[in-house]
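Trainee: Build me a model:
(2 chains)
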Amino acid sequence: MKTETNRVGQTTVIKLLERRLGADKAGEFKAEIGKYVEAGETKIVLDLAELSFMDSSGLGALVSVLKMIGKRGDLTIAGTQATVQTLFRLTRMDKVFRSFPTVSEAVQALTPQDTLKG
Amino acid sequence: MNVLIVDDSSAVQLLLLARLRSWGHTATLASDGVDGWEKVRLATYDLVISDWDMPKMDGLELCRRIRHHSFAQYVYVILCTAKDQKSDIITGMEAGADDFITKPIDFAELRVRVSAAQRLMNLQSELASQNQNLRKLNSELMEAYNRIERDLEAAAATQIRLLPKIYDLHPRVRLDWLFMPCRFLAGDMLNYFMADDRHLVFYHLDVSGHGIPAALLSVTLSKTLIPLPGSPSIRSNSLDGRLELVSPPDVMAELNSRFQAEDDTYFTMIYGILDVFTRELRFCQAGHPAPVLIRRHSAPAVLGKGGFPVGMVPGMTYEEVRLEMQAGDRLILYSDGLSECENAAGIRYEQERLMEMLDQNRDGSLEALMNGIREALGAWRGQAEFADDVSVLAFECV
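Mentor: Take a look at the predicted model:
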């Protein structure tokens, strides 16, 4: 599982450098994101701009990552392509995940308002 | 070691015999190449010490024959020669000799050369015994693998038996389906039944992932959805206690609460009820690909706006889609194994191609349509195995 990580303030931006997220990569994906959650990261942006296909196992892994973070932090998604958006709409994941067109919007959604003012 | 001494001089033979015995080896004598060649095939020798120049057959020829013959184990060959030329050594090695000793024999030298042979032969016998162990393990693995494969085939056959067998449940509806599981065990399941004298209940579901866990869940769901008391599909009316059909969204919500999984397993599903007399259709789409409605005189259209998969997130509510079907209208449900089926170039079949295909085959029977889908997808895939289960459920109002 190839990823690229950036830090923006308190937020960790993980860019997925894969074009497909399917049954073969689902376990690896969970383990990879799990490392950041285990390390105590509570604000994570998943940049999926490179991802052109996700199947039902990939979606299961994504929800499992959200549940993993859900207890102690927050996760937003950035840059989904049309095929992934279609899957999100079909499965109503647009109601479960907060998804944004760009990384900066996804980061901002995780940033408390008073910090922005200050 | 068991040693064969080949020499035309009985004096040399006896000298070698005495030394080899004193070093703890057993030895047999042969008087020339022909005699040596006969003897070396009669017993198992670890080492052959042969003279080079001999009548009838020389040491070189004996060496070549030993190398070309297939013995149960390696035979180490030391050639004795008066020759000490580099070119002779090359000729000897080409014939397959492992080592050389020059005449007259220096026994101290011979002793270390025999020890070297011994080391190599020990190594080879160790390797042979390890190989034998590996072969044994390998055959045990193959046996276990074959047993698992047979069990999986039996499970797959059991699963296929759960699929509906009757296509003419009611004179006002025609049904058919297609089921092409990926390697052995499927996570797809479909079924339909008349819940009473006017309501056709149907469902089509796809458990995420493949293999035994997905198959077990699909079989469990198939059992859960049998319309017996306790099933999510029927309940007792609160007024008179009579059994009535539960609405599709409520069935889905109940399944969602019963099947919340600890791991990532979930399923997508369409569950629906058709009143065969009024042709009123109600269904709920839970993350499953949108069903396709083919009306008599219009292009195929997708229905529904999606919905949450089942068993993924607790406490979800589901929506119902209602419409009036007409005589001749068809409804096609399919799993994502169909739309996501990739050809050799990695291009997915996609809903659009399915819609076109359905439009082109709208005039034939349902059976012909199922065969058409099977053929179209087989041709698209270009190989016998599918990466995911492909299944279709179709019905037509009469």
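Trainee: near chain B, which residues of chain A?
Mentor: A:23, A:26, A:30, A:53, A:55-57, A:59-61, A:63-64, A:89-92, A:95-96 (Cβ under 8 Å from any Cβ of the partner chain). For glycine as for every other residue, the C-beta is placed from the backbone atoms N, C-alpha and C.
Trainee: Just the buried residues out of the residues you listed, in PyMOL syntax.
Mentor: Selecting only the buried entries of the residues of chain A next to chain B in PyMOL, with 16 or more other Cβ atoms under 10 Å in any protein chain shown as the criterion:
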select buried, chain A and resi 23+26+30+53+55+56+57+59+60+61+63+64+90+91+92+96
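Trainee: Just the residues of chain A next to chain B: which are in strands?
Mentor: Of these, the ones assigned to strands by DSSP state E are residue A:53.
Trainee: Let me know how buried residue B:89 is, in neighbour terms.
Mentor: 16 (other Cβ atoms under 10 Å in any protein chain shown).
Trainee: Show the contacting residues for it.
Mentor: Residues near residue B:89 by Cβ atoms under 8 Å, 6 or more residues apart in numbering or on different chains: residue B:100.
Trainee: Give me the pLDDT for it.
Mentor: Residue B:89 carries a pLDDT value of 83.
Trainee: so how far is residue B:264 from the residue of chain A found nearest chain B?
Mentor: Residue of chain A nearest chain B, by Cβ to the nearest Cβ: residue A:60 (3.6 Å). Using Cβ to Cβ, to the nearest Å, residue A:60 is found at 4 Å from residue B:264.
Trainee: what do you get for residue B:158?
Mentor: From residue B:158 over to residue B:264 (counting by Cβ to Cβ), the distance is 25 Å.
Trainee: which neighbours do residue A:60 and residue B:264 share?
Mentor: A:26, B:208-209.
Trainee: among the residues you listed, which are in helices?
Mentor: residue A:26 (DSSP state H).
Trainee: Arrange the shared contacts of residue A:60 and residue B:264 in JSON lines, one row each, with distance to residue B:201 as further columns.
Mentor: Output for the shared contacts of residue A:60 and residue B:264, formatted as JSON lines (distance: Cβ to Cβ, whole Å):
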{"residue": "A:26", "distance to residue B:201": "33"}
{"residue": "B:208", "distance to residue B:201": "24"}
{"residue": "B:209", "distance to residue B:201": "26"}
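Trainee: Out of the shared contacts of residue A:60 and residue B:264, flag the one nearest to residue B:349.
Mentor: residue B:208 (19.3 Å; Cβ to Cβ).
Trainee: Show the backbone phi and psi for the residue in chain B that chain A sits nearest to.
Mentor: Residue nearest to chain A within chain B (Cβ to the nearest Cβ): residue B:264, separated by 3.6 Å. Phi and psi for residue B:264, reported as degrees, to the nearest 10, are phi -90, psi 10.
Trainee: how close does it sit to residue B:311?
Mentor: Distance from residue B:264 to residue B:311, by Cβ to Cβ: 10 Å.
Trainee: Out of the two, name the residue with the larger neighbour count.
Mentor: residue B:311 (26 against 23).
Trainee: can you pull the contacts of the more buried one?
Mentor: If you count contacts by Cβ under 8 Å, 6+ apart, then residue B:311 has B:255-256, B:259-261, B:265-267 around it.
Trainee: Among those, name the buried ones.
Mentor: Of these, these count as buried by 16+ other Cβ under 10 Å: B:255-256, B:259, B:261, B:265-267.
Trainee: Among the residues you listed, show me the least confident.
Mentor: Among the buried ones among the contacts of residue B:311, residue B:261 has the weakest pLDDT, 83.
Trainee: Can you classify that one by secondary structure?
Mentor: coil (DSSP: H, G, I helix; E, B strand; the rest coil).
Trainee: Contact partners for it?
Mentor: residue B:311.
Trainee: my guess is residue B:12 meets residue B:53, correct?
Mentor: No - look at residue B:12 against residue B:53 with Cβ atoms under 8 Å: they stay out of range, at 11.9 Å.
Trainee: Settle it for me: which of these two has more neighbours?
Mentor: Between residue B:12 and residue B:53, residue B:12 has the larger neighbour count (other Cβ under 10 Å), namely 17 against 13.
Trainee: who's the residue nearest to the more buried one when sequence neighbours are not counted bridged to?
Mentor: By the measure of Cβ to Cβ, 6 or more residues apart in numbering or on different chains, the closest residue to residue B:12 outside its immediate chain neighbours is residue B:51, 7.2 Å from it. Here residue B:51 sits in beta bridges with residue B:80, as judged by DSSP bridges.
Trainee: quick one: residue B:51 and residue B:203, what's the gap?
Mentor: 87 Å.
Trainee: Tell me the pLDDT of the residue of chain B closest to chain A.
Mentor: 83.
Trainee: who's in contact with it?
Mentor: A:26, A:30, A:57, A:60-61, A:63-64, B:208-209.
Trainee: Try it again at 6 Å.
Mentor: For residue B:264, the contacting residues are A:60, A:64, by Cβ atoms under 6 Å, 6 or more residues apart in numbering or on different chains.
Trainee: Kindly provide the distance from it to residue B:336.
Mentor: Residue B:264 is 16 Å from residue B:336, by Cβ to Cβ.
Trainee: Would you agree residue B:172 is in contact with residue B:398?
Mentor: Yes - contact criterion Cβ atoms under 6 Å: residue B:172 and residue B:398 qualify, at 5.0 Å.
Trainee: of the two, who's got more company?
Mentor: Neighbour count, other Cβ under 10 Å: between residue B:172 and residue B:398, residue B:172 has more, with 15 against 12.
Trainee: sec struct for the spatially most central residue of chain A, please.
Mentor: Residue closest to the mean C-alpha point of chain A, counted by Cα atoms, centre = their mean, is residue A:46 at 2.8 Å. In three-state terms, and counting by three-state DSSP, residue A:46 is strand.
Trainee: Quick check: it touching residue A:77?
Mentor: Yes - Residue A:46 lies in contact with residue A:77 (Cβ under 6 Å); the separation is 5.0 Å.
Trainee: from what I can see residue B:186 touches residue B:388, true?
Mentor: No - contact status for residue B:186 versus residue B:388: not in contact, 9.1 Å apart, counting by Cβ under 6 Å.
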